[in-house]
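Participant: Sequence first, then the predicted structure:
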Amino acid sequence: MRFEELDLSDNVLDALYDMHFEECTPVQEKCIPEILNGRDVLGVAQTGTGKTAAYLLPILSKLDDGGYPNNAVNCVIMSPTRELAQQIDQAMQGFAYYTPGVSSVAVYGGNDGNRYDQELKSMKSGVDVIIATPGRLISHISLGNVDLSKVSFFVLDEADRMLDMGFSDDIMKIASQLPKTCQTIMFSATMPKDIEKLAQSLLKDPVEVKLAVSKPAEKIQQSAYICYETQKLKIIEDIFKAGDLKRVIIFSGSKQKVKHINQALTRLHINSGEMHSDLDQAERDDMMFKFKSGQIDVLVATDILARGIDIDDIAMVINYDVPHDAEDYVHRIGRTARADRDGVAITLVNEDDMYAFHQIEKFLDKDIKKNPLPEGCGEGPEYTISKRNGKTSAKSRRRKDRDNTAHKDAKRGNRNAQNQQGAPGEQRDDRRNNRRQRGNRNNAEAQTNEQNPTTDNRADNAQNPNKGNRNNRNKDRRNSDNRNRDNRNGENRNNEARNGEERSGEERQGQERNRNNRRQRGPKGEGRNPQNGNAQEYRKKGSQGNKPKPKNRPQQQSAAQPAAQQSKGIGSVLRHPLKWLRSLGRKK
């Protein structure tokens, strides 16, 4: 079917004509008419089938026709990753080229303050279409930055991926803010039970559009290496030595492995980069730009690049880990052999992933070629299709990978040394028994000492002379400590007594000096000179400039005065510095 046969607006058809879009894909042919009729839609199809245009074109056409509130949010599109949100926003700008009355904004985390202000301004002014990741939109809702009470279209793109990432509660919280009359559209690559439950809770009498997950393109040359985990980096090194590869994506299931692989490629002088959720948005945008523009030859990434990312000229895809589901395998290798190009897909299968890889072969209904290991890698495990009993968890496998790839020789030597000395469990049991015996012996001794301390001590000393010596030494040490403490207390008391005697002697000397001074000045009312204490008259004359001349000190002094002056101490000088200065002036 051609787009012209659909009931789309003229402005949307003009944009499709300029973009050279003429024929509809199967999912577009089945979904666009139902969305235009206002029905809820549940679409099951893999990425790369045109799902983005399947919901953007009819929504954009209905908004262009009018009849929706101005200055209000009319459509909310949810995306699991930032990269997919950016790609949807770019497609929206292309399809809405001739519809300037319809505005859109991409809302996702990891941006700076300017980007946040732009998001806030757009939502406050009532942007028509919001393309957002769940976490970022939840934060805006919590802060009251957006009003979703007038939304007419609610779209969940890659719903199964959002549930895998743990956004189920966020989706339900966002849906609770929407009006009951909102038209809901859900697209998913797979249809697990969680998606069915979510569809039952959100969709109202939906139209189900299910397309079988298509097989990988025939031009993709698929192969695999059956190897141990420690042999994978050696295989990747051999792959890059065999040819000059420029456009390669290496997928891994964990961020730590992505970092480890990129470091190994850098040591091999391969122009590579890494893409994972630990990078902020600016770093992720820069990495994608460098890879698309050819500045980086190899990109090591998690599954955030497995869906919705459209890069046409990928020459090879390497699965460092076997994907959990067969659909994820199809999504990963579907990044290559796009636009009628050839591509290569290589999967590294360790002993824990053999059963999962066999399930992928059953899904594809074909046996994938098994490549021999390169020289220098040694022999690999035997390929078995039976399910391993007692399969370890993902956390245990990651711990095992770290043990196998780091300090293997040192760990093996430590284990051998422990085996020679004895089993760790037996050593722990011996230590535990020793602690118990010591505890029981101490308790028995404490009980006997309480019953008869004197005789028991004598008996202990007789049986164990060393123990008696220890007790005696402890008593002597305590007695010496007590004697030292008494000596220190006695010295402190002597020092306090001497200080008290000195202070009392100084006080007596000061009192005697005061009495001698009063005798010299004479009784009150008589004329006193400035040196003998008539301070008021002295200040009056001093202000007039008639300062009296000092008179000679009287020759007669009491017998106690010279003794008092000679016995002046430093304490009295510090307490009365002015008197001390006046006494120096009298001596002159």
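Facilitator: Okay, I see it.

Participant: a helix runs through Ile174, doesn't it?
Facilitator: Yes: under DSSP: H, G, I helix; E, B strand; the rest coil, Ile174 sits within a helix.

Participant: Give me the distance between the two termini of stretch 333-341.
Facilitator: With CA to CA, to the nearest Å as the measure, stretch 333-341 spans 13 Å from end to end.

Participant: So what touches it?
Facilitator: Applying CB atoms under 8 Å, 6 or more residues apart in numbering, the set of residues contacting stretch 333-341 from outside is 46-48, 216-217, 219-220, 222, 249, 305-306, 309-317, 319, 343-345. Where you see a C-beta, it was placed from the backbone N, CA and C, and this is true even at glycine.

Participant: So which of those are in strands?
Facilitator: Members of those lying in strands (criterion: DSSP state E): Ile220, Gln222, Ile249, Met316, Val317, Asn319, Gly343, Val344, Ala345.

Participant: now, the most widely separated pair of those?
Facilitator: Gln222 and Ile249 (15.0 Å; CB to CB).

Participant: which other residues reach stretch 282-296?
Facilitator: If you take CB under 8 Å, 6+ apart as the criterion, stretch 282-296 is touched by 82-83, 86, 110-112, 246, 271-275, 279, 299, 311.

Participant: filter those residues to the buried ones?
Facilitator: Arg82, Glu83, Gln86, Gly110, Asn111, Ser272, Gly273, Glu274, Met275, Leu279, Leu299 (16 or more other CB atoms under 10 Å).

Participant: What helix or strand is the second one located in?
Facilitator: What that stands for is Glu83. Using DSSP states H and E, Glu83 sits within helix 82-95.

Participant: ditto for the last one
Facilitator: With elements delineated by DSSP H and E, Leu299 resides in strand 298-301, which encompasses its position.

Participant: before we move on, the earlier item: I'd like to know which of the contacts of stretch 333-341 are buried.
Facilitator: Among those, those that count as buried by neighbour count (16+ other CB under 10 Å) are 46-48, 216-217, 220, 222, 249, 305-306, 309, 314-317, 319, 343-345.

Participant: So, low pLDDT: which residues of this structure?
Facilitator: Scanning the chain for pLDDT under 70 picks out 47-48, 212-214, 308-310, 339-340, 388-507, 518-569, 585-588.

Participant: Gln256: neighbour count?
Facilitator: Other residues near Gln256 come to 14 when the count uses other CB atoms under 10 Å.

Participant: got it, and Trp580?
Facilitator: Neighbours of Trp580 (other CB under 10 Å): 13.

Participant: can you check Ser125 too?
Facilitator: For Ser125, using other CB under 10 Å, the count is 11.

Participant: one step back: report the two of the buried ones among the contacts of stretch 282-296 separated the most.
Facilitator: For those, with distances taken as CB to CB, the pair at the greatest spread is Asn111 and Ser272 (25.7 Å).

Participant: Do me a favour and get the end-to-end distance for stretch 8-23?
Facilitator: Termini of stretch 8-23 sit 14 Å apart (CA to CA).

Participant: Going by neighbour count, list what's buried in that stretch.
Facilitator: Using 16+ other CB under 10 Å as the burial criterion, the residues of stretch 8-23 that qualify are Leu8, Ser9, Asn11, Val12, Leu13, Ala15, Leu16, Phe21.

Participant: Okay, helices next: where are they in the stretch 201-350 of the chain?
Facilitator: Using DSSP state H, counting those that start in this stretch, the helices found in the stretch 201-350 of the chain span residues 232-242, 255-267, 281-292, 326-333.

Participant: Pick the most buried one from those helices.
Facilitator: Compared across the helices of the stretch 201-350 of the chain, helix 326-333 shows the largest average neighbour count, a mean of 23 (mean count of other CB atoms under 10 Å).

Participant: Domain map for the protein?
Facilitator: Taking automatic domain parsing as the domain assignment, the ranges for the chain are 3-210, 220-398.

Participant: got TSV for the ones you listed, with distance to Leu581 too?
Facilitator: As requested, the domains of the chain are exported to TSV (distance: least, CB to CB, whole Å):
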stretch	distance to Leu581
domain 3-210	70
domain 220-398	75
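
Participant: Among the ones you listed, which comes closest to Gln509?
Facilitator: Proximity to Gln509 (CB to CB) singles out domain 3-210 among the domains of the chain, at 78.4 Å.

Participant: quick revisit: could I have the CA atoms of the strand holding Leu299 written out in PDB?
Facilitator: Provided in PDB are the C-alpha atoms of strand 298-301 (Å, rounded to 0.1, in the frame of the first residue of the first chain):
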ATOM      1  CA  VAL A 298      34.900  -0.100  16.800                       C
ATOM      2  CA  LEU A 299      32.200   0.600  19.300                       C
ATOM      3  CA  VAL A 300      31.800  -1.600  22.400                       C
ATOM      4  CA  ALA A 301      28.300  -1.200  23.800                       C
END
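
Participant: Buried residues in that strand, which are they?
Facilitator: Under the neighbour-count criterion of 16+ other CB under 10 Å, strand 298-301 has Val298, Leu299, Val300, Ala301 buried.

Participant: Can you tell me which of those lies closest to Tyr383?
Facilitator: Val300 (25.9 Å).

Participant: what sits against that closest one?
Facilitator: When the contact criterion is CB under 8 Å, 6+ apart, the partners of Val300 are Ile249, Ile250, Ser252, Val258, Ile261, Asn262, Leu265, Ser272, Gly273, Glu274, Met275.

Participant: from what I can see the fourth one touches Leu265, true?
Facilitator: No: look at Val258 against Leu265 with CB atoms under 8 Å: they stay out of range, at 10.8 Å.

Participant: Tell me which helix or strand Glu512 sits in.
Facilitator: Using DSSP H and E, Glu512 maps to helix 465-521.

Participant: can you give me the end-to-end distance of stretch 231-249?
Facilitator: One end of stretch 231-249 to the other measures 19 Å (CA to CA).

Participant: what residues does that stretch touch?
Facilitator: For stretch 231-249, contacts defined as CB under 8 Å, 6+ apart pick out 225, 227, 250, 261, 264-265, 268, 270, 294, 297-301, 305, 313-318, 320, 335-336, 346, 348, 350, 373-374, 376-378, 380.

Participant: Same list (the buried residues of strand 298-301) but as CSV, adding distance to Thr25.
Facilitator: Putting the buried residues of strand 298-301 into CSV (distance: CB to CB, whole Å) gives the following:
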residue, distance to Thr25
Val298, 31
Leu299, 27
Val300, 31
Ala301, 26
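
Participant: which residue sits closest to Thr52, ignoring its sequence neighbours?
Facilitator: With CB to CB, 6 or more residues apart in numbering as the criterion, Thr52 has its nearest non-adjacent residue at 5.3 Å, and that residue is Ala91.

Participant: which residues sit in contact with the one you found?
Facilitator: By CB under 8 Å, 6+ apart, Ala91 lies in contact with Thr52, Ala53, Leu56.

Participant: how does it look with 10 Å?
Facilitator: Met19, Thr52, Ala53, Leu56, Leu57, Ile131, Asp310 (CB atoms under 10 Å, 6 or more residues apart in numbering).

Participant: After the helix or strand in which the second one is found, which helix or strand is next?
Facilitator: This means Thr52. Per DSSP H and E: Thr52 is located in helix 51-65. Moving toward the C-terminus from helix 51-65, the next helix or strand (DSSP H and E) is strand 75-78.

Participant: Could you pull out the strands in the stretch 301-450 of the chain for me?
Facilitator: According to DSSP state E, counting those that start in this stretch, the stretch 301-450 of the chain carries its strands in the segments 316-319, 343-349, 369-371.

Participant: Buried residues, the helix holding Thr52. List them.
Facilitator: Along helix 51-65, these residues count as buried under the neighbour rule (16+ other CB under 10 Å): 51-64.

Participant: Then stretch 366-386?
Facilitator: For stretch 366-386, burial by neighbour count (16+ other CB under 10 Å) applies to Ile368, Leu373, Pro374, Cys377, Gly380.

Participant: doesn't Leu42 make contact with Asp160?
Facilitator: No: applying CB atoms under 10 Å, one finds Asp160 not in contact with Leu42, separated by 11.9 Å.

Participant: I appreciate the help and will end here.
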